[in-house]
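Trainee: got a sequence here, can you model it:
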Amino acid sequence: QWQLLQHAKDVALGYFKNRNCFSQKCQDTIKKNYDSGDRKTATFNELKKSLDESSKSSEGTQFLIEDDSLVFFVEATFKASLKGVIDIHGKMSEPFTLLVNLGPRNPEFDSDHTLYSSYLALHVDHHKAWFSMKKNGQQIVLDWKQKDAPGMTLGLDSDTITTYWLSYDRDNMVVKYGKGYTMEETTLLTCNFMDGVTNAEKVLQKRKEWSLFFGVCHPDRTGETILLYRTVLDIEKNQEMKIDGEACSFIHMEPMIAIRKQPLITNPPPKVLDAAHATLENIDNEKYTLPSALPPPCKALYDTVRHVKLDPAWDAGESDVSLIDAIRFSINTEGCKLHELLKTKKYLRITLGTGHGDSPGNAYVLEIWPPGKSSPIHNHGAVCGIVKILHGKIQNGVFNKVPSNVCDRDRNFRPTELMKIEGRKDDVFWLSPEWYQTHQLVNNSDDFCATVNCYRYDEYDQIHWNMFDYVEEQADGEMCDPGLVGNFVPNTDLTFGTFKTVVLEEWRKSANSKTQKLKVKFKIQENIDGN
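Mentor: Residues are numbered from 1 along each chain as shown. Here you go, the predicted structure:
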């Protein structure tokens, strides 16, 4: 079937472009060379059907198809030599090519990227994505692996704003492509130039063979430029960040191209372990992130709350009333403050201190989660954050980046849960603009859970988005049709001082009432016994 593709190249080009019209050159070629009654020169529809069937097993196949409708759009550079992640962000409705060019940009090649002599390229069209490479003017056939990711397609999500990313790992000689957040779970293609290498001698051979592309320096490399090519039609549409019947959310504010220093090698652990408990074993098994490895804003927040407890006075024997018992009583008792508030809310936000402009709303929030309750799927405006569990248990469901449209054209729900992380008392989760940013917290236990949630804008954040973006739900828990992203402005249900005073007073009154009833009961019993 792929021989048929090579034989019918001009027809295949029409399929890859996903257009109903061909160039005049292509039309003339079809009329001249293709007979609908001859299987060897199949019609476009027959070839399309063949491609649909065979593309499912086309892992690692090299697509040697030139597309002269792509033109240069924007240029960028790595922040570390040939190393990092390139994010392409926007509503990309037509195919694009992302070029890692081993030389300076040449404006004469702006209408044909294949004129460059040495490059590695990522191509994304409506249905597929693939890598291509040229080395010193010679086309190199690459072998890559494709991974199925739940809720994700390989090609364009042309009806929504999302992120397409390319990870270029110079040191390990691995190139990856995916969509959404840059994670192992969102990786769709992997091209490993060290694949199958088993000993040090072969490692050296491979490094020498591919030093032009993965060496820190190379005498024949005259530069390193990142070039994005797009179709003229897509550029003219100018809809990359268009707000079309959607709430304006953080995703509309992100730059179209962004470069990060660190490539994707593996996910950092989502839980934090206090350095005082670090051992050689847990450093080796990487089950936890140590505070020194946290982004600076996360580390500052962690240092603030690392020793915080929900009820230190009771724990130290300095109080005759348990705040935990008082909270539980207020949640479960008709007429009490928390019980009444929770009639219209799934969970409560108890703010600590005041906001200082370095976070969306207050930087520190005590959240109370009744049994069986959950948050909506939401992000945090790309801030850094820490979540410490002070009491009970909670499940942290991590999601891929939520695009501007929650449902696709076929009304399929897009947000994909990537992992579930179970948390219990004293566990600490962290999040950053790139990691674990979108989640859903769920209390599946039979007791309430209390967490202290801490937020701070990243030091490189030039937007300071002051809201959380969440997936709207209907009253019965079903996702809205067609699926919308809403904005939540962080607010407060109670300040911590008021909250503590109220629940303790409710508990004391209840205890006093019970004591008085017991006294009356005993007095009556004494009178009966005396008679």
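Trainee: contacts and neighbour counts: CA atoms only from here.
Mentor: OK.
Trainee: what helix or strand does Ile283 sit in?
Mentor: Per DSSP states H and E, Ile283 falls inside helix 280-285.
Trainee: can you give me how far that helix is from the chain middle?
Mentor: On the basis of CA atoms, centre = their mean, to the nearest Å, helix 280-285 sits 27 Å off its chain's mean C-alpha point.
Trainee: leaving out chain neighbours, which residue sits closest to Leu120?
Mentor: Met133 (4.4 Å; CA to CA, 6 or more residues apart in numbering).
Trainee: thought the one you found was touching His123?
Mentor: No. At 10.9 Å, Met133 and His123 do not qualify as touching, with contact defined as CA atoms under 8 Å.
Trainee: so between the two, which is more surrounded?
Mentor: The residue with more neighbours, out of Met133 and His123, is Met133; 22 against 18, by other CA atoms under 10 Å.
Trainee: for that one, list each beta-bridge partner.
Mentor: Applying DSSP bridges to Met133 gives these bridge partners: Leu120, Ile140.
Trainee: ok, the residue nearest to Ser158 when sequence neighbours are not counted - contacts?
Mentor: Nearest non-adjacent residue to Ser158, counting by CA to CA, 6+ apart: Ser93, 4.1 Å away. Ser93 makes contact with 156-159, 234, according to CA atoms under 8 Å, 6 or more residues apart in numbering.
Trainee: repeat that for Met92.
Mentor: 156-161, 234, 240.
Trainee: can you do 7 Å?
Mentor: By CA atoms under 7 Å, 6 or more residues apart in numbering, Met92 lies in contact with 156, 158, 240.
Trainee: with Glu286 instead?
Mentor: So Glu286 contacts Pro269 (CA under 7 Å, 6+ apart).
Trainee: roughly how far apart are it and Ala278?
Mentor: According to CA to CA, to the nearest Å, Glu286 stands 11 Å off from Ala278.
Trainee: now do Thr97
Mentor: Distance of Thr97 to Ala278, given as CA to CA: 45 Å.
Trainee: could you do Gln440 as well?
Mentor: 29 Å.
Trainee: these two: which is more packed in?
Mentor: Comparing Gln440 with Ala278 by other CA under 10 Å, the one with more neighbours is Gln440, at 18 against 12.
Trainee: measure how far the strand or helix carrying the more buried one is from the centre of its chain, please.
Mentor: Secondary structure assignment for Gln440, by DSSP H and E: strand 439-442. Averaging C-alpha positions (CA atoms, centre = their mean) puts strand 439-442 14 Å from its chain's average.
Trainee: with stretch 116-131 instead?
Mentor: Centre-to-centre, stretch 116-131 and its host chain are 23 Å apart (CA atoms, centre = their mean).
Trainee: other residues contacting it?
Mentor: By CA under 7 Å, 6+ apart, stretch 116-131 touches 16, 18, 94-102, 132-137, 154-156.
Trainee: if we go to 6 Å?
Mentor: The set of residues external to stretch 116-131 that reach it, using CA atoms under 6 Å, 6 or more residues apart in numbering, is 95-102, 132-137, 154-156.
Trainee: same thing with stretch 154-173?
Mentor: 82-93, 124-129, 175-180, 193, 214, 263-264, 403-405.
Trainee: and the residues you listed, which of them are in strands?
Mentor: Using DSSP state E, 84-90, 124, 129, 175-179 are the members of the contacts of stretch 154-173 that sit in strands.
Trainee: element containing Asp143?
Mentor: Asp143 belongs to no helix or strand, assigned by DSSP H and E.
Trainee: re the thing from before, pLDDT (mean, whole number) over the helix holding Ile283?
Mentor: The pLDDT scores in helix 280-285 average 93.
Trainee: what's the first helix or strand after it?
Mentor: Immediately after helix 280-285, counting by DSSP H and E, sits helix 296-305.
Trainee: how far off centre is that following helix?
Mentor: The chain centre lies 22 Å from the centre of helix 296-305; the measure is CA atoms, centre = their mean.
Trainee: now do stretch 289-302
Mentor: Taking mean C-alpha positions (CA atoms, centre = their mean), stretch 289-302 and its chain are 19 Å apart.
Trainee: mind checking the end-to-end distance for that stretch?
Mentor: Stretch 289-302: ends 12 Å apart by CA to CA.
Trainee: list the buried residues in that stretch.
Mentor: 289-291, 294-295, 297-299, 301-302 (16 or more other CA atoms under 10 Å).
Trainee: which one among those residues gets closest to Asn466?
Mentor: Nearest to Asn466 among the buried residues of stretch 289-302, counting by CA to CA, is Pro297 at 16.5 Å.
Trainee: if I look at that closest one, how far off is Tyr457?
Mentor: Taken as CA to CA, the span from Pro297 to Tyr457 is 7 Å.
Trainee: one more: Leu228?
Mentor: 29 Å.
Trainee: those two: which is more packed in?
Mentor: Comparing Leu228 with Tyr457 by other CA under 10 Å, the one with more neighbours is Tyr457, at 26 against 23.
Trainee: now the phi/psi pair for the more buried one, please.
Mentor: The phi/psi pair for Tyr457 (degrees, to the nearest 10) reads phi -60, psi 140.
Trainee: per-residue pLDDT, it?
Mentor: For Tyr457, pLDDT reads 96.
Trainee: from memory it sits against Pro360, does it?
Mentor: No. Judged on CA atoms under 6 Å, Tyr457 makes no contact with Pro360 at a distance of 8.0 Å.
Trainee: let me know how buried Ser81 is, in neighbour terms.
Mentor: 15.
Trainee: how much space is there between the nearest residue to it once chain neighbours are set aside and Phe193?
Mentor: Spatial nearest neighbour of Ser81, excluding adjacent residues (CA to CA, 6+ apart): Val216 at 6.6 Å. Distance, Val216 to Phe193, by CA to CA: 16 Å.
Trainee: tell me which of these two has more neighbours.
Mentor: Ranked by neighbour count (other CA under 10 Å), Val216 and Phe193 place Phe193 first, with 19 against 13.
Trainee: residues touching that one, list them.
Mentor: Met173.
Trainee: distance of it from Ile88?
Mentor: Counting by CA to CA, the gap from Phe193 to Ile88 is 24 Å.
Trainee: now swap in Asn238 and tell me
Mentor: Separation of Asn238 from Ile88 (CA to CA): 15 Å.
Trainee: and Thr160, by the same measure?
Mentor: Thr160 is 13 Å from Ile88, by CA to CA.
Trainee: also Trp130?
Mentor: For Trp130, the distance to Ile88 - CA to CA - is 16 Å.
Trainee: hmm, back to that, most neighbours, which of the contacts of Met92?
Mentor: These, ranked by neighbours (other CA under 10 Å): first place Leu156, 22 neighbours.
Trainee: show me where the chain has helices.
Mentor: With DSSP state H, the ranges of helices along the chain come out as 2-7, 9-17, 24-33, 44-55, 200-209, 211-214, 232-237, 280-285, 296-305, 312-315, 323-332, 337-341, 496-530.
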